[in-house]
Each structure stands twice: as structure tokens, then as C-alpha cells.
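A.B. asks: sequence and predicted model, in that order:
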Amino acid sequence: MIKITIPFRLHLNLLAMHSCKYRKYGGLGFSILNNDNYLVAEEYVDNKIIIKGECNNILRIKKIENIINDIKEKYKLKKNIKIELHGYYYFHIGLGVGTAVTLACIEALFLCNNMSVEHNKIIEESKRGGTSGIGINTYFSGGFVIDIGIKSDNIEHLPSSQKSTLSISNVLVRCDFPNWDFGIILPKQRNEISDINEVEFFKSICPIPDSEAYFASYLAIFGTFSSIKESNYELFCSSINETQNTFWKKSEITQSNSNINLINYLNSLKVDCAGMSSFGNSIYFFSRNIRKIETCLDKDNYNLMTFSACNTGRDIEYV
């Protein structure tokens, strides 16, 4: 029996969302972990994924089951597996749950068949990471990552879910994330985000002005990354707050009044910084006094989710 502890990720921003001849996409983010989120896999009569916790999208689980079946047939693997997913699996809330669970299930299938496979092969079979390289890389490595996207291909900007061909984003830099306290808040009443919502948004916003992409890239490297590398908490918080006003991120946030209201609400509680992960609805914040923020939080309307920074990536145990 195999146990894999599954890390998610916070995605801080996308960068090259303009039109140019060099690269497109690229982004920055870091790995997060709640030890309650793990899978247990063992040989079974057929490939099956069972939810042993909470999940908001069973159809996504069925899609991952189909991927597992296709891979078993493609590689002529002898063993089917039963996967039990323990913990909380909320898809389309900005934490990269779909990518992390898909990678973990594929890796479990290969491990149960005693097959050693390179990370890039697992990523390739997952068909994830066509827009952002954060989740596909931090799943294995943990830590903070900036990726440089993919080569420009004269195709409109689209989310990963809509890519017919997949080029894997390369990592520009990876470093450990400091032991800073943060929280993640999810509104109890929220509009569920769909692939259609994302496609329409990409088409309406892209390409963004060149100058905006340049500034976002500058802020990512000389603001966020440099502050993490030097463990400069104040500079990091400043860069996160400023990131929310970059063209792409601000456009994402203003898709929903609930995003704006929650960030403003957190700022009224005097957090050190607050921002939206990916396309939302998850809002993260940093504070030197998480307990105080938790006490003040309107628990009738918001859930505070507990995670810590993960610098090791997924953990595999044979149990």
C-alpha cells in the first residue's frame, strides 16, 4: 500500500499575458500543505477513486479515473489500483487541487506497478501545466517557484484546460519559502468557477499591454522573489499588495465583488498583506498575529483553511 501526502499551491500572478515573440504565460507561486490531504493506493480489481473526505466536484474525480484507465492501457500496466482520497478537495477555488490530485493519482498508479517514471513523464500524462508551471513543479519540489512559461506560438492565450497541445513550462528559479504565518479564506457563499468562465475571461483580457507585463515581471523578480530569497517579510508583503494592482491580477480580482470585498475586509483587520490565488475564490493573507485575525473573522460567511508552506513537495510512504 502506498500513501502520498498531496501539496496544493498558491498562485500569485501570471506574467507574460501580452503579445510577443519570445515567451507567453509564466508565473510565480509556492507550495502549501495540509497533512490531512493524502491518498492511499493499493492493488484492486479495477481502477477506482474513492472520496474519504469532502469534494465539490465528483465529475473531476471521474475524469481523473479516465486518465488513470488510459495510462494503464497505454503502458500495458498489469495492476489496477484503488485510490482513497482523504481530506478536502475543492476544485476551481485557486489552489491547484486538480493538478495536484491528478499528478498524485498518476504517480500512485506507476508506483503500484513498480514502474519508475521521470517527473516530466508524469506531468506530460497529466495534461496539466499548459498555462502555469507552478503546480506541476511544486508538487515534486515544494518551495517557491517562478516559471518562464512556454515559447510564443501565435495562438491566443487560454487556460490549461483548453490546450490541445501541451508544452511544459520551465522553471526559472526555485527556493525555499520562509516560515511566515499565513491563512487562506474561502467565502461560504460563492459562485463556482468553471472552465467556460476562465476561457471567456482570457479572451476578453488578453493580450494585456506590454508595459503591464513588463512591470508584473519586474515586481515578481525584484519584489517578491528577492524578498523571499532574503527573508525580508516587509518587502514581501509590500510586493504582494502591489501585485493585486497589476493589470492581470486586478482584472481577475474584479471579476467578482466578493473578491474585492474580502480583500478589503482583511485589510480592515490590519493584515500585513492580502491577495487572490489564481482565478479565485481563495483569498490568502499574511499576518504576524494569525490568531487575532481568526478571532475577528466573520465565521458566518467565511471559512479559514489551515495550511503551511511546503518546501519538500509530495511525500511518499509505503505502509
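C.D. replies: Structure received.

A.B. asks: contacting residues around Ile58?
C.D. replies: Taking C-beta atoms under 8 Å, 6 or more residues apart in numbering, we find Ile58 in contact with Ile51. Using the backbone N, CA and C atoms, a C-beta is placed for each residue, glycine as well.

A.B. asks: look up how far Phe91 lies from it.
C.D. replies: Distance of Ile58 to Phe91, given as C-beta to C-beta, to the nearest Å: 10 Å.

A.B. asks: helix or strand right after whichever strand in the chain runs longest?
C.D. replies: Looking across the chain with DSSP state E, the single longest strand is strand 23-33. With elements assigned by DSSP states H and E, the helix or strand that comes after strand 23-33 is strand 38-44.

A.B. asks: buried residues in that following strand?
C.D. replies: Tyr38, Leu39, Val40, Ala41 (16 or more other C-beta atoms under 10 Å).

A.B. asks: without its sequence neighbours, what residue ends up closest to the third one?
C.D. replies: When you say that, I think you mean Val40. Nearest residue to Val40, sequence neighbours excluded (C-beta to C-beta, 6 or more residues apart in numbering): Glu84, at 4.8 Å.

A.B. asks: flag the shaky bits of the stretch 51-200 of the chain, pLDDT-wise.
C.D. replies: For the stretch 51-200 of the chain, the stretches flagged by pLDDT under 70 are 160-166, 191-196.

A.B. asks: mean confidence score for the longest strand of the chain?
C.D. replies: Summarised as a single mean, pLDDT over strand 23-33 is 96.

A.B. asks: dump it to CSV, keeping only the CA atoms.
C.D. replies: Taking Å, rounded to 0.1, in the frame of the first residue of the first chain, the C-alpha atoms of strand 23-33 are listed here in CSV:
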residue,chain,number,x,y,z
ARG,A,23,7.5,33.7,-24.2
LYS,A,24,3.9,33.6,-23.0
TYR,A,25,2.4,32.9,-19.6
GLY,A,26,4.9,32.3,-16.9
GLY,A,27,4.1,32.9,-13.2
LEU,A,28,5.0,32.6,-9.6
GLY,A,29,3.7,30.8,-6.6
PHE,A,30,4.6,28.5,-3.7
SER,A,31,3.7,25.1,-2.4
ILE,A,32,1.3,24.7,0.6
LEU,A,33,0.4,21.6,2.6
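
A.B. asks: and that strand, which strands flank it?
C.D. replies: Counting by DSSP bridges, the strands paired with strand 23-33 are strand 8-16 (antiparallel), strand 144-147 (antiparallel), strand 150-151 (antiparallel), strand 308-309 (antiparallel).

A.B. asks: so which of those strands is the most packed in?
C.D. replies: With neighbours defined as mean count of other C-beta atoms under 10 Å, the strands paired with strand 23-33 peak in mean count at strand 8-16, which reaches a mean of 27.

A.B. asks: now that one - C-alpha only, CSV.
C.D. replies: C-alpha atoms of strand 8-16 as CSV (Å, rounded to 0.1, in the frame of the first residue of the first chain):
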residue,chain,number,x,y,z
PHE,A,8,-1.5,22.2,-3.2
ARG,A,9,-0.2,25.7,-4.2
LEU,A,10,-0.8,29.4,-4.0
HIS,A,11,-0.5,31.0,-7.4
LEU,A,12,0.4,34.7,-7.0
ASN,A,13,0.3,36.0,-10.6
LEU,A,14,0.6,35.3,-14.3
LEU,A,15,3.2,37.4,-16.1
ALA,A,16,3.6,37.3,-19.9
